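1. sequence and predicted structure, then a few things I'm wondering about:
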Amino acid sequence: MSTPRYLKVTSKNVLLPSGDPQPATITIDRSSGKIVSIDLHYLAENAGKHHPNAQVLDVGEKHVLPGLVDTHVHLNEPGRTDWEGFWTGTRAAVSGGVTTVVDMPLNSIPPTTTVENLEVKRKSARGQCWSDVAFWGGAIPGNQKDLKPLITCGVKGFKCFMIESGVEEFPYVSEHDLRDHMKEIEHEPTVLLFHAELENSSGPPGPHPSADPTLYETFLASRPEDLEVNAKTYPSLRCHIVHLSASPALGAIRAARGKGLKLTVETCFHYLCLSANEIPDGHPEFKCCPPVRNESNRDQLWKALLDGDIDCVVSDHSPCVIELKKVEEGDIMTAWGGINSLGLGLSLLWTEGRKPERGATLGQIVHWMSKRTAEHAGLDAVKGSLAVGLDGDFVIWDAEAEFKGRIDFLQPQVSKEQFHFKNKLSAYEGLVLRGVVQQTFLRGNMVYDRSQNGFDGLDPIGKLL
């Protein structure tokens, strides 16, 4: 039996661009993958009998959300596929309602710094993607002339570091390099992303060499907030601050915008959902760069997000092999810096954001994770909202369900069995999270079904954007 051309998904709680869940029915033409109509009513029971040319999906009280867009993901393929890969990374994405990821130019080998390297990455990705995948390029010393050709080939912008990146094939740029890169692309429809830390030899000293490397406070002292504050003074074309963690930088951001400078800012789930006050010593799974800071800092980040000073929220899923996290040694100082979270973000932000002291609505949370991220990556003409003419990417979401492990269904907490990323280590293991993705659809076709072990009987249909 052939699949009907049209899919009608109907719910009493559809999150449309107006921002509040409401009854609606969305019709998607599977031949184009586009949303062709939205009717502001919930179809009556047995409505499928009256639509013989369409499949009707009635989800009742469950929410229908736009597919999320995560613009900060390290998929690491080719070159470091034991860290992550397109197959496992995009499966993790759709399990959490993310239908589009934008892959960072590192830590793959080669990095995405030339057209030739981009094609190597695209070749590796073909046939493996459960979500759609777009790509950021990299700005490194000496590749200024590669930037425009990369734009022509579809990269969405360029990431650079002004501090050591952690991998030798992606060196940091000097201020002189950065000016040359900005001059090269200042009139192009693109964006320059930079890691929000800058070395400052005259700043406060880091930890003493004899400091205990298993103490989280030792690591925190090695990445002072000043490093982030000093990195905010280089906008010409649109510039974007990745993974902002230090709230003192917000004053410089507001001042730059007040001068009319084009500057956007992201933060991450871990900076909004974790606090240095609660991180145990000897647990490198909590290490990331920049680091998770204290509770007061977290409160300020939430306020900035609600006030609009921070534009969007992303995962910065930056995995590695378990050995590099130095879990057995508990050595935070030498462990790889990155928190695995792909597939958990919506539940994390909903669990934290719905607390009375935060006061975030589901509409705001999804806006930060879909519409604003799609705009950031220049994908908002096709992604990020449930609107006629856009791709029919959507998520069936149970806002009240809790994460339950597959082994012990009486234990409502995050467990390794729920991780679809390759290396099953995360700072969030053991947390109780509310809100569960039940199904994920890409262009009207199911790519994840929690009730069927996630992926039974399904195929990867993701495109390279």
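-> The structure has been received and is ready for your questions.
2. let me know the pLDDT of residue 141.
-> At residue 141, the pLDDT value in this model is 96.
3. contacting residues for it?
-> Neighbour list for residue 141: 171, 173-174, 177 [criterion: CB atoms under 8 Å, 6 or more residues apart in numbering]. Every C-beta, even on glycine, is put in place using the N, C-alpha and C of the backbone.
4. what is the burial count for residue 176?
-> Using other CB atoms under 10 Å, residue 176 has 9 neighbouring residues.
5. name the member of the contacts of residue 141 with the most neighbours.
-> Neighbour tally across the contacts of residue 141 (other CB under 10 Å): the maximum, 21 neighbours, falls on residue 173.
6. give me the phi and psi for the closest residue to it other than its chain neighbours.
-> Among residues not flanking residue 173 along the chain, residue 160 sits closest, at 5.0 Å (CB to CB, 6 or more residues apart in numbering). When quoted as degrees, to the nearest 10, the phi and psi of residue 160 stand at phi -140, psi 160.
7. and residue 160, how far is that from residue 307?
-> From residue 160 across to residue 307, the span is 28 Å (CB to CB, to the nearest Å).
8. who touches residue 194 in this structure?
-> 159-162, 178, 231, 234, 239-242.
9. mind running it again at 6 Å?
-> Counting by CB atoms under 6 Å, 6 or more residues apart in numbering, residue 194 makes contact with residue 160.
10. just the pLDDT at it, thanks.
-> Value for residue 194, per-residue pLDDT: 85.
11. and it, how close does it get to residue 138?
-> Residue 194 sits 11 Å away from residue 138, going by CB to CB.
12. repeat that for residue 77.
-> From residue 77 over to residue 138 the distance is 15 Å, taken as CB to CB.
13. please apply the same query to residue 333.
-> 26 Å.
14. so which of these two has more stuff around it?
-> A direct count of neighbours by other CB under 10 Å for residue 333 and residue 138 places residue 138 higher, at 31 against 16.
15. give the contact list for the residue nearest to that one when sequence neighbours are not counted.
-> Distances taken as CB to CB, 6+ apart put residue 105 closest to residue 138, at 3.3 Å, once the chain neighbours are dropped. Residue 105 sits next to 111-112, 136-138, 159 when contact means CB under 6 Å, 6+ apart.
16. from those residues, which land in helices?
-> Taking DSSP state H, every one of those sits outside helices.
17. of the residues you listed, select the buried ones using a ChimeraX command.
-> To isolate the buried members of these in ChimeraX, using 16 or more other CB atoms under 10 Å:
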select :111,112,136,137,138,159
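18. with pLDDT and distance to residue 190 as added columns, please give the contacts of residue 105 in CSV.
-> Below are the contacts of residue 105 laid out as CSV (pLDDT from 0 to 100; distance: CB to CB, whole Å):
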residue, pLDDT, distance to residue 190
111, 97, 17
112, 98, 14
136, 98, 10
137, 98, 9
138, 97, 13
159, 95, 12
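19. any weak-confidence spans in this structure?
-> For the chain, the stretches with pLDDT under 70 are 1, 45-50, 196-236, 404-417.
20. burial check on residue 152, number of neighbours?
-> 10.
21. element containing residue 161?
-> If you go by DSSP states H and E, residue 161 is part of strand 158-162.
22. ok, then the element right after that strand?
-> Per DSSP H and E, strand 158-162 leads on to helix 175-185 as the next helix or strand towards the C-terminus.
23. using PDB, write out every CA atom in that following helix.
-> This file holds the C-alpha atoms of helix 175-185, laid out as PDB (Å, rounded to 0.1, in the frame of the first residue of the first chain):
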ATOM      1  CA  GLU A 175      43.900  40.100  15.700                       C
ATOM      2  CA  HIS A 176      45.700  40.800  12.400                       C
ATOM      3  CA  ASP A 177      44.300  37.600  10.900                       C
ATOM      4  CA  LEU A 178      40.900  38.400  12.100                       C
ATOM      5  CA  ARG A 179      40.900  41.800  10.400                       C
ATOM      6  CA  ASP A 180      41.900  40.200   7.100                       C
ATOM      7  CA  HIS A 181      39.100  37.700   7.400                       C
ATOM      8  CA  MET A 182      36.500  40.300   8.200                       C
ATOM      9  CA  LYS A 183      37.600  42.500   5.300                       C
ATOM     10  CA  GLU A 184      37.300  39.500   2.900                       C
ATOM     11  CA  ILE A 185      33.700  38.800   3.800                       C
END
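24. quick one: that helix to strand 158-162, angle?
-> Interaxial angle of helix 175-185 relative to strand 158-162 (axes from the mean of the first three to the mean of the last three CA atoms, to 10 degrees): 170 degrees.
25. what is the neighbour count of the closest residue to residue 31 other than its chain neighbours?
-> Among residues not flanking residue 31 along the chain, residue 5 sits closest, at 5.7 Å (CB to CB, 6+ apart). By other CB under 10 Å, the residues close to residue 5 number 14.
26. go on, residue 78?
-> For residue 78, the count of nearby residues is 17 (other CB under 10 Å).
27. and it, helix, strand or coil?
-> coil (DSSP: H, G, I helix; E, B strand; the rest coil).
28. residue 165 versus that one, what's the distance?
-> As judged by CB to CB, residue 78 and residue 165 stand 18 Å apart.
29. in the longest helix along the chain, what's buried?
-> Secondary structure of the chain read by DSSP H shows that its longest helix is helix 295-307. By 16+ other CB under 10 Å, the buried positions in helix 295-307 come out as 297-298, 300-302, 304-305.
30. then stretch 125-141?
-> For stretch 125-141, the buried set under the neighbour-count rule, 16+ other CB under 10 Å, comprises 125, 128-140.
31. which among the residues you listed gets closest to residue 277?
-> Nearest to residue 277 out of the buried residues of stretch 125-141 is residue 136 (CB to CB; 33.0 Å).
32. quick check: the closest one touching residue 160?
-> No: Residue 136 is beyond contact range of residue 160, at 10.4 Å (criterion: CB atoms under 6 Å).
33. related to what we said a few turns ago, so the residue nearest to residue 138: helix, strand or coil?
-> From three-state DSSP, the assignment for residue 105 is coil.
34. how near is it to residue 69?
-> The gap separating residue 105 from residue 69 is 18 Å, by CB to CB.
35. same question, residue 7
-> Separation of residue 7 from residue 69 (CB to CB): 21 Å.
36. so how many other residues sit close to the residue nearest to residue 173?
-> Residue 160 is flanked by 25 other residues according to other CB under 10 Å.
37. does it touch residue 175 like I think?
-> No: counting by CB under 6 Å, residue 160 stays clear of residue 175, with 11.2 Å between them.
38. let me see the ranges of the helices in this structure.
-> Under DSSP H, the chain gives helices at 86-95, 115-125, 147-152, 175-185, 216-222, 225-229, 250-258, 269-273, 295-307, 345-353, 362-369, 371-376.
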